[in-house]
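[1] return atomic coordinates for the entry below.
(one chain, ligands or ions: 1)
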Amino acid sequence: MKAIIVGAGIGGLSAGLALRRIGWDVTIYERVTEVRPVGAAISVWSNGVKCLNYLGLRDEVAAMGGRMDHMAYIDGLTDETMTQFSFAPLVEEVGQRPYPVSRAELQMMLMRVFGSESLHLGRKVTGVAQDGDTVTATFEDGSTDTADMLIGADGAHSVVRTHVLGQKAERRYAGYVNWNGLVPISADLAPDDQWTVFLGEGKRVSLMPISDGRFYFFFDTPEAAGLSVDRGEFKATLRSHFAGWAEPVQTLIERLDPATTNRVEIHDIDPFHTWVKGRIALLGDSAHNTTPDIGQGGCMALEDAVVLAIQLQTNTLGVEDALKRYQNRRSERAADLVLRARKRCDVTHAKDEARTRAWYDELRKEDGTNIIRGIVANIAGNPLD
Ligand SMILES: Cc1cc2nc3c(=O)[nH]c(=O)nc-3n(C[C@H](O)[C@H](O)[C@H](O)COP(=O)(O)OP(=O)(O)OC[C@H]3O[C@@H](n4cnc5c(N)ncnc54)[C@H](O)[C@@H]3O)c2cc1C
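    Below you'll find the predicted structure:
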């Protein structure tokens, strides 16, 4: 059986590997000629790591993962520690460490393992169709390819989604901009084995250790959509957003390289439950576009890939039946996580200032138990529990 996958992001590549493991002949088409991920890094929480382990990539992901043994929330204005705790109870409860990783390294690893023979870059899909048991992808240059199944892993602006839903899905601006990149680990920024988050004024500054002595940093700044900020103004803009903030935040702004810093306006899409039309299915951000506030978008794409393969392998009533089962297994969980992330986003970014102030007060009384409980709740319900 042959599958066409549209898109070579985390979702498309992991689905390619998962389908190949169950004997499918997989071809991936990717529109760009050089895959350059938009973010510097990504936290692969334990559910995502379990999926990579399941795909046979246990050593690869462990090698690129940072050691995140602790977490701390710091008052961004005073540098006072609000709460600091160990992640050991989290790891013990879910059975797997989370790994913050370089996004480019994760992407490159998945591409290397999938191999270049069946991965075609510079091939933009402009339309998809089904006729009987055959699906067809049409490319920008008018050429086509056919298969027994097509997976739309073509991200937040998916063309396959428009086919499956019969209409375009509206993206919703979440009200903030995320600035992210990598800097060398150094003690004047944060401890090297800790996820450190500075909070204040509905803004957030985060430092997570990844491999090879690097911190993945990000700043969240609530602001209007559509502002154009020149790279040359990145530092000045961040300085003004974080005027009066603690020394490590100022040091981070001075140390970051604007040339490799990403500025992303954060959006999501209202959850929907139609992921499948006949032999054409959605996977990853095309099926569930979330804000990154609980770090689960990529992890969900990995979960989708595993469930897709399990449903196709274990159900024998045909591809359409297995895809419906995949959709039914995945869409409730994904919707739940998209809405959790949206709720977290609103509290973190002071959509209601009183609620955010109350959260800061709660953190000052927190010993980690409630935060770990929240993270475990996101991980629980994954297909490999
Ligand atoms: C700032 C930020 C931080 C994040 N942090 C985390 C995190 O910590 N943890 C986490 O799990 N997730 C995180 N996410 C979410 C995560 O990045 C996404 O959920 C994940 O990358 C989705 O992968 P995907 O393969 O579905 O889509 P994408 O990565 O968008 O890949 C889609 C691919 O399809 C290609 N494509 C699109 N259209 C076509 C076409 N017509 N023809 C051919 N190819 C096409 C694109 O070029 C692209 O390569 C974050 C997201 C952002 C924005």
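
[2] for Glu201, give me its contacts.
    Neighbouring residues of Glu201 by CB atoms under 8 Å, 6 or more residues apart in numbering: Gly76, Leu77, Ala350. Heads up, the C-betas are built off the backbone N, CA and C, glycines and all.

[3] looking at the chain, which residue lies furthest from center?
    Centroid-distance maximum for the chain: Gly132 at 34.7 Å, with CA atoms, centre = their mean.

[4] distance-wise, check that one relative to the ligand.
    Distance, Gly132 to the ligand, using CB to the nearest ligand atom, to the nearest Å: 24 Å.

[5] am I right that Met71 is in contact with Gly374?
    No. The pair Met71 and Gly374 fails to qualify as a contact (CB atoms under 8 Å) at a distance of 11.5 Å.

[6] neighbour count: those two, which is higher?
    Each of Met71 and Gly374 has its neighbours counted (other CB atoms under 10 Å); Met71 has more, 20 against 12.

[7] which of the three states applies to the more buried one?
    Assigned with DSSP: H, G, I helix; E, B strand; the rest coil, Met71 falls in the strand class.

[8] same thing with the one 3 residues further on?
    In terms of secondary structure, Ile74 is strand; the call rests on three-state DSSP.

[9] beta partners of it?
    On the basis of DSSP bridges, Ile74 takes part in beta bridges with Thr81, Phe198.

[10] so how far is Pro191 from it?
    Separation of Ile74 from Pro191 (CB to CB, to the nearest Å): 11 Å.

[11] Val61 now?
    The gap separating Val61 from Pro191 is 23 Å, by CB to CB.

[12] these two: who's more crowded?
    Shown here are Val61 and Pro191; by other CB under 10 Å, Val61 has more neighbours (21 against 15).

[13] contact partners for that one?
    With the criterion set at CB under 8 Å, 6+ apart, Val61 makes contact with Val44, Val49, Leu52, Asn53, Tyr99, Val101, Leu106, Met109.

[14] dump stretch 99-107 to CSV, restricted to CA.
    Written as CSV, here are the backbone C-alpha positions of stretch 99-107 (Å, rounded to 0.1, in the frame of the first residue of the first chain):
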residue,chain,number,x,y,z
TYR,A,99,13.7,16.7,26.5
PRO,A,100,14.1,20.2,25.3
VAL,A,101,15.8,19.9,21.9
SER,A,102,17.0,22.1,19.1
ARG,A,103,14.2,22.1,16.6
ALA,A,104,16.6,22.0,13.6
GLU,A,105,18.5,19.0,15.1
LEU,A,106,15.2,17.2,15.7
GLN,A,107,14.0,17.9,12.1
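
[15] what sits up against that stretch?
    Counting by CB under 8 Å, 6+ apart, 9-10, 13, 35-44, 49, 61-62, 64-66, 68, 182, 195, 208-211, 214, 216 sit against stretch 99-107.

[16] filter those down to the ones in helices?
    Ile10, Leu13, Val49, Val61, Ala62, Met64 (DSSP state H).

[17] ok, and the most crowded of those residues?
    Of the ones in helices among the contacts of stretch 99-107, with other CB under 10 Å as the count, Leu13 tops at 30 neighbours.

[18] state the pLDDT value of it.
    If you check Leu13, the pLDDT there is 98.

[19] what of Val38?
    Val38 is given a pLDDT of 67.

[20] repeat that for the one 10 residues further on.
    Gly48 is assigned a pLDDT of 98 by the prediction.

[21] just give the closest residue to it, not the sequence neighbours.
    Cys299 (3.3 Å; CB to CB, 6 or more residues apart in numbering).

[22] next: Trp179.
    Spatial nearest neighbour of Trp179, chain neighbours left out: Phe219 (4.4 Å); criterion: CB to CB, 6+ apart.

[23] give me the neighbour count for that neighbour.
    Applying other CB under 10 Å, we find 26 residues neighbouring Phe219.

[24] specify the local secondary structure of it.
    Reducing the assignment at Phe219 to three states with three-state DSSP gives strand.

[25] and this protein, which of its residues are near the ligand?
    6-12, 29-32, 35, 39, 42-43, 48, 124-125, 153-156, 159, 178, 180, 264, 284-285, 292, 295-299, 301 (CB under 6 Å from any ligand atom).

[26] just the CA atoms of stretch 361-368, as PDB, please.
    What follows is stretch 361-368, C-alpha atoms only, in PDB (Å, rounded to 0.1, in the frame of the first residue of the first chain):
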ATOM      1  CA  ASP A 361       0.400  34.900  44.300                       C
ATOM      2  CA  GLU A 362      -0.400  31.200  43.900                       C
ATOM      3  CA  LEU A 363       3.100  30.500  42.600                       C
ATOM      4  CA  ARG A 364       4.700  32.100  45.700                       C
ATOM      5  CA  LYS A 365       2.900  29.500  47.800                       C
ATOM      6  CA  GLU A 366       3.600  26.600  45.400                       C
ATOM      7  CA  ASP A 367       6.000  23.700  46.200                       C
ATOM      8  CA  GLY A 368       5.700  22.300  42.600                       C
END
